[in-house]
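# Mind folding the following:
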Amino acid sequence: MDMANHGAGLVAKEIKLAFGGLQVLNNVSVSFPPGVITGLIGPNGAGKTSFFNCLTGLYRPNSGDISLDGRALKGVSASRRARLGISRTFQHVALSPELSVAENVQFGLHASRKSGLADALLPLPSAWSDREESRHKAIEALSLVGLSHLADVPAGGVAPGTLRLVELARAMVGRPRVLLLDEPAAGLNSSETKDLVQTLRQIASRELVMVVVEHDMDLIMQICDVINVLNFGTLIAAGTPAEVQANPLVAEVYLGAADD
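The predicted model follows:
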């Protein structure tokens, strides 16, 4: 993978987040440059998903700044951030089983559509060209993850491991600037995880900011160029996979702990 940076990427500075008296994130500062696959790890309750929610605009930090290619995102809504190119997957796959795989992927285009999403899926003459364009983009995204042959199969008939790749296609269909992956290997077997690693390497590019939250340490060590470690809302380490593995504090709080 070409590690050359194109733009500043996604930058978070001194992010603090609290719910009532519970401090969830404490002065977290991380840079996510393009052309680099960045890992974000830590035990359950470390604040990883909350940090993702701050990046996407679902949560509003109590203090701190987030920017994308130098543009401040303070006060920018989650939907607007999506239109700026910030896309994500979630821990739990949420697809519509009665719709086809391609139709589910088309939902990833809703933020940038000229017409409404319903128009793109319903047989309305006024939106015919938009529907065709939307389907074409969905097929392209499915091709990226090797699933174009399943385009017209109902999502309810697809294996759970394959649905993870469908969700990845949905996140990629709008050609995002930032791709945030929240436990993409959850529920996958070893063979499916291997396929996922290969797919992530294939979609990585000089322009794409890719951030991976994952409990599967083998995947993280294989795929990531840089890893950041959170513990109780505090960033305790950052570096290459080898540097993180050799960090005794990381070994104590995460790598050496029982799986959770």
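# Buried residues, the host helix or strand of Ser79. List them.
Applying DSSP states H and E as the criterion places Ser79 in helix 78-83. Buried residues in helix 78-83, counting neighbours by 16 or more other Cβ atoms under 10 Å, are found at 81-82. For every residue, glycine as well, the C-beta is placed using N, CA and C.
# again with stretch 194-205
195-197, 199-200, 203-204.
# Measure how buried Val93 is and give me the count.
By other Cβ atoms under 10 Å, the residues close to Val93 number 17.
# Okay, Gly146 and Asn53: tell me how far apart.
30 Å (Cβ to Cβ, to the nearest Å).
# give me the element Lys13 is part of.
Element membership for Lys13, per DSSP H and E: strand 10-19.
# tell me the mean pLDDT for that strand?
Averaged over strand 10-19, pLDDT sits at 97.
# The helix or strand just after that strand: partners in the sheet, and parallel or antiparallel?
Next helix or strand after strand 10-19 toward the C-terminus (DSSP H and E): strand 22-32. Strand pairing for strand 22-32, using DSSP bridges, gives strand 10-19 (antiparallel).
# Flag every buried residue along the partner strand.
Neighbour counts over strand 10-19 (16+ other Cβ under 10 Å) mark 10-12, 15-17 as buried.
# for the stretch 101-250 of the chain, what spans make up the helices?
101-106, 117-121, 128-144, 160-172, 190-203, 217-223, 241-246, 248-250 (DSSP state H, counting those that start in this stretch).
# Flag whichever of those helices has the least confidence on average.
Of all the helices of the stretch 101-250 of the chain, helix 117-121 has the smallest average pLDDT, which comes to a mean of 54.
# from the middle of its chain, how far away would stretch 77-84 be?
14 Å (Cα atoms, centre = their mean, to the nearest Å).
# repeat for stretch 236-246
In this view, stretch 236-246 has its centroid 21 Å away from the chain centroid, taken as Cα atoms, centre = their mean.
# With stretch 28-48 instead?
Relative to its chain's centre, stretch 28-48 lies at 11 Å (Cα atoms, centre = their mean).
# Which residue, neighbours along the chain excluded, lies closest to the residue nearest the centre of the chain?
Central residue of the chain (Cα atoms, centre = their mean): Leu180, 2.0 Å from the mean position. Nearest residue to Leu180, sequence neighbours excluded (Cβ to Cβ, 6 or more residues apart in numbering): Arg88, at 3.9 Å.
# Kindly report the same for Lys74.
Lys74's closest residue in space is Asp65 (Cβ to Cβ, 6+ apart), at 6.3 Å.
# The one you found: what secondary structure?
For Asp65, the assignment made with DSSP: H, G, I helix; E, B strand; the rest coil gives strand.
# Just give the number of residues close to it.
By the criterion of other Cβ under 10 Å, Asp65 has 14 neighbours.
# Would you confirm that it contacts Lys13?
Yes: counting by Cβ atoms under 8 Å, Asp65 touches Lys13, with 4.7 Å between them.
# Tell me the spacing between the closest residue to Thr199 other than its chain neighbours and Thr89.
Take Thr199 and drop its neighbours on the chain: the residue closest to it by Cβ to Cβ, 6+ apart is Val145, 5.2 Å away. Relative to Thr89, Val145 is positioned 12 Å away (criterion: Cβ to Cβ).
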